[in-house]
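Engineer: this one's structure only:
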């Protein structure tokens with residue numbers, strides 16, 4: 001498990017979008033591994049875990065982010081907003097490589113309920129390569145397509161509260177990440193609010 005701290009260093013280009021502002025630029029990422037898991041190779045069964053203490057890794061790279069406006073987050077409690085952001089970040093991290101035709105490990109995601117840079121709830125996707133290779137700019141350009149595709153995945157998935165194929169496993173006390181993520185994504189595209197059981 002990684003503890004990730006992301007800081008925006010410079011914005012290259014910003015644009016308003018439905019329910020949010022999108023941007024891309026240079027970011028500083030600091031990651032610290034805090035926990036390891038022991039997993040059986042043939043079954044992927046978790047057979048134990050432990051805390052670890054290793055040095056922090058840091059790098060400058062490029063990122064794309066989506067800062068949500070009040071109309072996109074209205075009516076959600078802080079816990080629901082956090083669950084929805086986490087679910088949307090999980091989904092976007094796994095969906096974006098399809099659009100970019102890259103390896104899924106080339107991108108990482110971070111969700112912040114109140115970003116120090118935007119001072120709003122913000123979803124970040126950043127490149128794993130130091131300096132970046134242009135994927136963030138492309139994500140900025142296809143923001144609308146990416147959000148529509150993410151909403152399609154969430155609404156067409158048959159799981160009740162989240163699974164690895166959509167917004168990740170249910171998290172938090174109430175497991176609202178799928179419902180909250182669907183609501184956030186529906187407010188970021190040209191669609192009425194979507195109800196997920």
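Structural biologist: Received it, and whenever you're ready, just let me know what you need. From a predicted model like this one, the values you see are computed outputs, not experimental measurements.
Engineer: hey, let's count contacts and neighbours off CA atoms from now on
Structural biologist: OK.
Engineer: Can you pull up the most central residue in this protein?
Structural biologist: residue 89 (1.6 Å; CA atoms, centre = their mean).
Engineer: got the contact list for it?
Structural biologist: 109, 110, 111, 123, 124, 125, 167 (CA atoms under 8 Å, 6 or more residues apart in numbering).
Engineer: how many neighbours does the residue nearest to residue 35 when sequence neighbours are not counted have?
Structural biologist: The shortest distance from residue 35 to any non-neighbouring residue, by CA to CA, 6 or more residues apart in numbering, is to residue 51 (4.5 Å). Using other CA atoms under 10 Å, residue 51 has 10 neighbouring residues.
Engineer: Quick check: residue 51 touching residue 32?
Structural biologist: No: in this structure residue 51 lies outside contact range of residue 32 using CA atoms under 8 Å: 11.6 Å.
Engineer: Buried by neighbour count: which residues of the strand ranked longest in the chain qualify?
Structural biologist: Longest among the strand segments of the chain by residue count, using DSSP state E, is strand 2-17. When burial is assessed from 16 or more other CA atoms under 10 Å, strand 2-17 yields the following buried residues: 6, 8, 17.
Engineer: between the residues you listed, which is closest to residue 100?
Structural biologist: Taking CA to CA as the measure, residue 100 lies nearest residue 17 of the buried residues of strand 2-17, at 20.5 Å.
Engineer: residue contacts, that closest one?
Structural biologist: Residue 17 touches residue 188, counting by CA under 8 Å, 6+ apart.
Engineer: swap in residue 36?
Structural biologist: Residue 36 touches 1, 49, 50, 51, 52, counting by CA under 8 Å, 6+ apart.
Engineer: Now do the same for the longest strand of the chain: mean pLDDT, whole number.
Structural biologist: Mean pLDDT, strand 2-17: 89.
Engineer: Can you give the strand pairings for it, parallel or anti for each?
Structural biologist: Each strand paired with strand 2-17, and its direction, by DSSP bridges: strand 20-33 (antiparallel).
Engineer: how far does the strand it pairs with sit from the chain's center?
Structural biologist: 11 Å (CA atoms, centre = their mean, to the nearest Å).
Engineer: now the helices for this protein?
Structural biologist: 70-73, 78-100, 135-141, 143-156, 177-187 (DSSP state H).
Engineer: what pairs with the closest residue to residue 69 other than its chain neighbours across the strands?
Structural biologist: Leaving aside its sequence neighbours, residue 69 sits nearest to residue 20 (CA to CA, 6+ apart; 5.0 Å). Listed by DSSP bridges, the beta-bridge partners for residue 20 are residue 17, residue 68.
Engineer: quick one: the residue nearest to residue 35 from residue 29, how far?
Structural biologist: 22 Å (CA to CA, to the nearest Å).
Engineer: quick one: which of the contacts of residue 36 is nearest residue 186?
Structural biologist: Distances from residue 186 to the contacts of residue 36, taken as CA to CA, are shortest for residue 1 (29.8 Å).
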